[in-house]
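A.B. asks: Build the 3D model from these lines:
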Amino acid sequence: MPPPSTTAGREVSGVLDMSGRGYAIRRRMSSFHRRFILLEQGVGAAVFNFVLNAAIAWVTFRGLARVPLWGQLSIGGDTIGTSFILPFLTCLAVTRLARQRVQKGQLTRLEWTRDTHPMLGWLPEPTLKRALALGLAGLVLFAPPAIAAFYVLGIPDLSLRDFIVFKASFAAAAAALVTPLVALWALEGRAE
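C.D. replies: This is a model prediction of the structure:
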């Protein structure tokens, strides 16, 4: 069974936490939590999304020799869609997965709240609203830089193979950023 999580002034794994808010993540979580957040939900999510999005790209675009930057089937349209859908669906799935692991006793809740970790506080509490907020944040944070890179580099289209690699890599990077945040929220001390 994983060791209990920490609060300010308690001893965890032989380390006394006297700093309160903002203490390093490695000292605030057990090794079980770190493995779940960083390996399973970070690296694991990146690998899963790379493979999944490569398959989606091949199925959706396989009839095209070259994928244009804009059009009905395009790099821009797909990037915008992925930027919203990936964080939205990730939030719904990972929140459920993490909370099931807590219910089964495989993980303990973190004693983090909106007050102790403001990073988590900007997200709405209900899962569906949080998924929408993350989807909109992904839309704003991920799509514009990716599309701008195509303009800056003067790339009007990609071969199907290059597009599949781009889409898979883009989704893997987005998942590696979003999924650990979602998992942290799902393990937060207060249940919905």
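A.B. asks: Extract the CA atoms of stretch 164-177 and return them as CSV.
C.D. replies: Included here for stretch 164-177 are C-alpha records, laid out as CSV according to Å, rounded to 0.1, in the frame of the first residue of the first chain:
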residue,chain,number,x,y,z
ILE,A,164,1.1,11.1,-40.0
VAL,A,165,4.4,11.6,-38.2
PHE,A,166,3.5,15.3,-37.5
LYS,A,167,0.0,14.4,-36.2
ALA,A,168,1.3,11.6,-34.1
SER,A,169,4.1,13.7,-32.6
PHE,A,170,1.9,16.7,-32.0
ALA,A,171,-0.7,14.5,-30.2
ALA,A,172,2.0,12.8,-28.1
ALA,A,173,3.5,16.1,-27.0
ALA,A,174,0.0,17.5,-26.1
ALA,A,175,-0.8,14.4,-24.2
ALA,A,176,2.5,14.5,-22.3
LEU,A,177,1.6,18.0,-21.1
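A.B. asks: which helices and strands does the top helix by length along the chain pack with?
C.D. replies: Ordering each helix of the chain by length in residues (DSSP state H) puts helix 75-103 first. Under the contact criterion of 3 or more CB pairs under 8 Å, 6 or more residues apart in numbering; DSSP states H and E, helix 75-103 touches helix 44-61, helix 127-141, helix 143-153, helix 160-186. C-beta coordinates here come from the backbone N, C-alpha and C atoms, glycine included.
A.B. asks: wait, D78 sits on K167?
C.D. replies: Yes. In this structure, D78 is within contact of K167 by CB atoms under 8 Å, at 6.3 Å.
A.B. asks: Output stretch 133-151 in CSV, but only the C-alpha positions, please.
C.D. replies: What follows is the C-alpha trace of stretch 133-151 in CSV, where atoms were taken according to Å, rounded to 0.1, in the frame of the first residue of the first chain:
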residue,chain,number,x,y,z
ALA,A,133,-11.9,24.3,-20.0
LEU,A,134,-8.9,22.1,-20.9
GLY,A,135,-10.2,21.7,-24.4
LEU,A,136,-10.4,25.4,-24.9
ALA,A,137,-7.0,25.9,-23.3
GLY,A,138,-5.5,23.3,-25.7
LEU,A,139,-7.2,25.1,-28.6
VAL,A,140,-5.5,28.4,-27.6
LEU,A,141,-2.2,27.1,-26.5
PHE,A,142,-1.4,24.2,-29.0
ALA,A,143,-3.0,25.0,-32.4
PRO,A,144,-1.7,28.6,-33.0
PRO,A,145,2.0,27.9,-32.5
ALA,A,146,1.9,24.7,-34.6
ILE,A,147,0.0,26.3,-37.5
ALA,A,148,2.3,29.4,-37.2
ALA,A,149,5.3,27.1,-37.6
PHE,A,150,4.0,25.9,-41.0
TYR,A,151,3.7,29.6,-42.1
